[in-house]
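Student: Take a look and give me a structure for this.
(3 chains)
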Amino acid sequence: MSQATAAAMSPPFPAERGVDVYNKKLGMWIFLASEVMFFGALIGSYVILRFGAPGDWARPGVVLNIKITAFNTFLLICSSVSMVKAYAAIADGDPKNMRFWLLMTILGGACFVGIQVFEYIHLVERGFLPSGVRDGSELAEMVAKGTIPGATMGLYGSTFFTMTGFHGFHVTCGVLSMLYLYLTKALPGKFTTQDYAGIEVVGLYWHFVDLVWIILFTIVYLV
Amino acid sequence: METTHKHPPYLMIWLYLAVLTALELGLAFQLPISRNLKLLLLMILAIWKALLVGLYFMHLKFEKWNLRILAIVPIPLALIFIAAGMSEHIW
Amino acid sequence: MSTAAATAHAGHAHHDDRSFVQKYLFSTDHKIIGIQFLFLSLFFLLIGAILSLQIRWQLAFPGQPMPGGKLLPESMAAGGVLLPEYYLQLVTMHGTFMVFFAIMLLLVGVYANFLIPLKIGAHDMAFPRINMASFWSAVVAGLVMLSSLFVTDGSPRAGWTMYVPLSARHDYSGASLGQELWSISIIFFGLSSVLGSLNYITTVINNRAPGMTWFRMPLSVWALFITAILGLLAVPVLAGAAIMLLFEQILGTHFFDPSAGGQVLLWQHLFWFFGHPEVYILILPAMGMVSELVANGSRKPIFGYHSMVFAICGIAFLGWIVWGHHMFVSGMNPTLGSSFMVTTLLIAVPSAIKVFNWMGTMWRGNLRFHTPMLWGIGFVAMFTIGGLSGIFMAATPVDMYIHDTYFIVAHIHYVLVGGSLFAIFGGIVFWYPKMFGRMMNETAGKVHFWLTLILYNCVFFPMHIIGMAGHMRRIYDPTIYDFLKPVQHWNVFISISAFLLFGTQIIFFLNFWLSMFWGKKAALNPWEDNGLEWSLPSPAPHGNWDTPPTVYRGPYEFSVPGASEDYIPQNKKLPTDREPALAPAHGD
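Tutor: Down below sits the predicted model:
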C-alpha cells in the first residue's frame, strides 16, 4: 500500500504503534472474530447434535440438491475472486475496472441469495421444514418407505435452516453494503488510490462470508 | 511491510479452489471408502480451501503476525466448545 | 501547572455548533454516550431492585398480602398475595435485568465509553457512530425486555439462565409471548455489546496518545480492554443460543427436544460457555476501577502493576475453560466435570494475586479515606468473601450438595453486589466531577457507604447459612418443608435488612441527582489523581483535547521521593523526561 494511502487511512493524529492497521480495517477484523464465534455456536451445535444423534442421518443428496448448491458454491467463490480483483484494481489505480469487478461481485452475491431462496422454496414444497418433515409431503412418504431415516429429520431441518439461513442473511447484508458503496462511492468516483478503505473492508467481510460457506457446504451438504 | 505492488496470483488461487471443490464433490458421491476416511478427507479439503481464501484473498499471509493471531484466536475457543459438547456422547 | 492550563484553554477553544438533539440525544460523543448509559442502567438497577423487594417479601412472609400487592393484576397477585407463577417471573426478571441491563451496562456501557478515550488520550472512540448505535440498540433491548412484563401471561419463568425445556415450551412454563420477547431482547443486547466491544478494542489498540505504551495504561483501561475481548467472543455465542431458543419457540425446531433427538444439555453448554466469560465481564472492569480508587486513596503506586495485568489476562484466559462448574449436577460427562473442577480451582489464583496486590498497595500508604476509597476497600473485603465461597463450589463433591441452594445466591451477590456494585458506586462518586462538573456530597457519600456495607452483609451473609441448611433457590414457599423451618427466621431477618438496604439507597439517589445542580463546583483534579482525564476541565469538553497529550510516565506515580507533590500526572513533563518515540506513520 502506498505511503499516501496509508496516511489517509491512519488514525487522525500520531499515536502509539498499534498493529499497524488502520482503524476501519482493524475494526472489521475484530468484528469477524465475533462472527467466527457466532457461526461457531451454530455450526458447533450442529456437530454436537449430529454426533450424538439417536440414529442415522439422511445420506448426502437425498434431501438436499447437491448439484445446484455445488454451482452456488462455485458462484460464491467466483464472486470472492471478483471482489479481490476489484480491490487489486483500485489499489493499482484503476477505478474503472474496480467498478466493473465490484458490480460482478454484487451480481454474483445476489444470484447466490436468489438460488438459495429458490432452493428453500423447493425444499418446503417437498416437505422439509425447520421442524422436520411435514406430514403428507413427498419427504414424509420417503420416511415411511425407509429411504430417509425419520428419527433425525427434526434435527436435520432445525440445523440446516438455521445455519444456512443465517449465512444467507449475512450474504444479503454483504450484497446490500456493496450496493450502497457502489452507488454512493464507487460510481461517483470517490474511491481513489489514496482512499479505498471501504473496498478493502467490505472485501474482508465478503471473503469471510465465502469462507463460512466453504465450511458449511462441506459439512452440511457433503457429509 | 506488506507487498505494495505485487498481488498474489488470484486466478491461480481461483483455479485451485475450483479443483478442490470438484475433488470434494467426487469424494461425496463416488469413492467406496469408509465413512470416517471420507469425512477426514472432506474436512481436509474444506480447511485447505478456507486457508486459501483467508491467506490470499484476505491477505493474511502478508499481514503482521499480531493480526493473524487476532484472526485465529476464536477458532480454538469454538473447538473447545465442540469438543466438550461431543464428549457428552463418549461417556 | 501551565501545561494543564494551556490544555484547558485549548479545550474551550474547540468550536461546537451541534444542535441539542445532536449534542444530547443522538450524540456520538463517548462521554455523553457514557452518561446516557449511566441513566439507562441506573433505571434498570432500580427496576431490578424493586423486583427483588417483592421476592424478599414472599420469602419472609409467604401467603401474606404484600403492601402494594393490590396494585398488581389478579393473575400476578390474588388479593395482594403473590402467586407462584408471578414469583418465578420475579426471580427470572430480577436476574435478567440486573445482570444484563444494570451491571453490564454500568460497568462496560458507562465506564468503557467514558473512561477509555479520556485515559488513553484520544479525541473519541474509533467509531463514534457505531458507539451511538450500540447505545440505542441497548435501549431497544431494554424496552423489549420491559415489555415482557406487560404482555399476556407475563414474563418468562425459567430463571435468568433460561434452561430448556422449561424455557422452550410454552406449555411447561406458562409464558408465551414474554418468553419470545426475552430472546429477541437478548439478540438486540448482543448486537449492542458486540458493537461496543469492537469499538473499545480498536480504540485501545490504535488510538493511544504518544507515550501511552501498553504498560503505561491504567489498570482500568487494561481491564476494560480485556473485558471487551471477552464480550466480543462470548456474547455472539449467547446470541446464537437465544436464536436457537427463539426458533425452538416459534418455528418448532428440535435443538433441545430429546423426543426428536435434540439435547437438553446443549443449551446449558451454550449458555454457560457464554455465561462464564460473562461473569468475568461483570467483575474485571470493577477490579480495574478499584485499582484506580485504591491507588489514589493510598497515595501509592499499585503494588505489582505487571502482575495485575497478567492476572487480568490470566483470569480472562482461564475463564474460557471453566464453564462446566455451573453444570456439575446436570448429568454431564463426569470426566469432563473433573477437568472443570481443576481449571476452576486454578482460576482462584490470579484473583487472589489481585487481592494481595490491593492489600500491598494500601500497606503503609498515606491513606485518604474519601468515599471512593471506602468503596474500594469495601470491594476488596467483600469480593474476598465472595471468592472464598467460590472455592467451595469449585469442588464438585461439595457443589453437589450446595448447587441451587442459597449458598450459591450468597456467592453471586457477594461478588456482584459487594464486588461489582461497590466498585460502581465508588466509580460514580470518583468520576462524577469529570462527568457533571460538580462534586457529590462527601458526608452523604460516607453515610451511604457505611449503611450499605452493614445492611448488605445482613442481607447476604445469612444466605450462606440457610444455603448450607439446604434452602433451595427459586422456591416460592420455603415453609412447606419441615427441614427449613429452623432457618425461616433468617429469611425474615434477610428481608427486613433488604428493605432497609433499599431505603438506604435513597441517600445515594438524592445525592446523585441533587449534586448535579447544587453540588460543589469541581476543580480540574479534585482527587489529585494521575490519569489523563484529570488534565481536562470538569466536565470534559467535546473532542477532549485539541492536540493529544504526551505521556511521560506510568499511571500510579504517587508519593515519588523528591517530587514537589504526592502525585505526578501522566502528561506532566519534568525536566528529566524525554519525549516518547513517535510511532512511524502507518504503511511504511
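Student: where do the strands sit along chain A?
Tutor: A:128-129, A:132-133 (DSSP state E).
Student: any chance of the ones you listed in a markdown table, plus distance to chain C and mean pLDDT?
Tutor: Placement of C-beta: from N, CA and C, glycine included. Converted to a markdown table, the strands of chain A look like this (distance: least, CB to the nearest CB, whole Å; pLDDT from 0 to 100):
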| stretch | distance to chain C | mean pLDDT |
| --- | --- | --- |
| strand A:128-129 | 8 | 95 |
| strand A:132-133 | 7 | 93 |
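Student: Okay, and the closest residue to chain A within the stretch 101-250 of chain C sits in which element?
Tutor: Distance from chain A to each residue of the stretch 101-250 of chain C (CB to the nearest CB) is smallest for C:G240, at 3.2 Å. Assigned by DSSP states H and E, C:G240 belongs to helix C:219-250.
Student: returning to what we had before: ok, now which ones touch the residue of the stretch 101-250 of chain C closest to chain A?
Tutor: A:F38, A:A41, A:L42, A:S45, C:L270 (CB atoms under 8 Å, 6 or more residues apart in numbering or on different chains).
Student: Go again with 10 Å.
Tutor: A:37-45, A:162, A:166, C:187, C:190, C:270, C:274 (CB atoms under 10 Å, 6 or more residues apart in numbering or on different chains).
Student: What is the burial count for the spatially closest residue to it that is not a sequence neighbour?
Tutor: Excluding its sequence neighbours, the residue lying closest to C:G240 (CB to CB, 6 or more residues apart in numbering or on different chains) is A:A41, at 3.2 Å. Neighbour count of A:A41, defined by other CB atoms under 10 Å in any protein chain shown: 24.
Student: rewinding a little: show me what counts as buried in the helix holding C:G240.
Tutor: For helix C:219-250, a neighbour-count test (16 or more other CB atoms under 10 Å in any protein chain shown) marks C:219-249 as buried.
Student: go on, stretch B:28-43?
Tutor: Buried, per 16+ other CB under 10 Å, within stretch B:28-43: B:A28, B:K38, B:L42.
Student: Ok, stretch C:495-503 next?
Tutor: So, applying 16+ other CB under 10 Å, buried residues of stretch C:495-503: C:S495, C:S497, C:A498, C:F499, C:L501, C:F502.
Student: mean confidence for the longest helix seen in chain A?
Tutor: Criterion DSSP state H: the longest helix present in chain A is helix A:95-126. For helix A:95-126, mean pLDDT rounds to 96.
Student: I'd like to know which elements it is packed against.
Tutor: helix A:66-91, strand A:128-129, helix A:138-145, helix A:153-181, helix A:197-216 (3 or more CB pairs under 10 Å, 6 or more residues apart in numbering or on different chains; DSSP states H and E).
Student: repeat that for 6 Å
Tutor: helix A:66-91, helix A:153-181 (3 or more CB pairs under 6 Å, 6 or more residues apart in numbering or on different chains; DSSP states H and E).
Student: mind checking the longest helix of chain B?
Tutor: helix B:10-29.
Student: what angle sits between that helix and helix A:197-216?
Tutor: The directions of helix B:10-29 and helix A:197-216 differ by 20 degrees, with axes from the mean of the first three to the mean of the last three CA atoms, to 10 degrees as the criterion.
Student: Only alpha carbons, please: show helix B:10-29 as CSV.
Tutor: C-alpha atoms of helix B:10-29 as CSV (Å, rounded to 0.1, in the frame of the first residue of the first chain):
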residue,chain,number,x,y,z
TYR,B,10,-5.6,-14.6,-7.7
LEU,B,11,-6.7,-16.5,-10.8
MET,B,12,-4.4,-19.4,-9.9
ILE,B,13,-6.0,-19.5,-6.4
TRP,B,14,-9.4,-19.5,-8.1
LEU,B,15,-8.4,-22.5,-10.2
TYR,B,16,-7.0,-24.2,-7.1
LEU,B,17,-10.3,-23.6,-5.3
ALA,B,18,-12.3,-25.0,-8.3
VAL,B,19,-10.2,-28.1,-8.4
LEU,B,20,-10.5,-28.7,-4.7
THR,B,21,-14.3,-28.2,-4.9
ALA,B,22,-14.5,-30.8,-7.7
LEU,B,23,-12.5,-33.2,-5.6
GLU,B,24,-14.9,-32.7,-2.7
LEU,B,25,-17.8,-33.5,-5.0
GLY,B,26,-16.2,-36.6,-6.3
LEU,B,27,-15.5,-37.7,-2.8
ALA,B,28,-19.0,-37.1,-1.6
PHE,B,29,-20.5,-39.2,-4.4
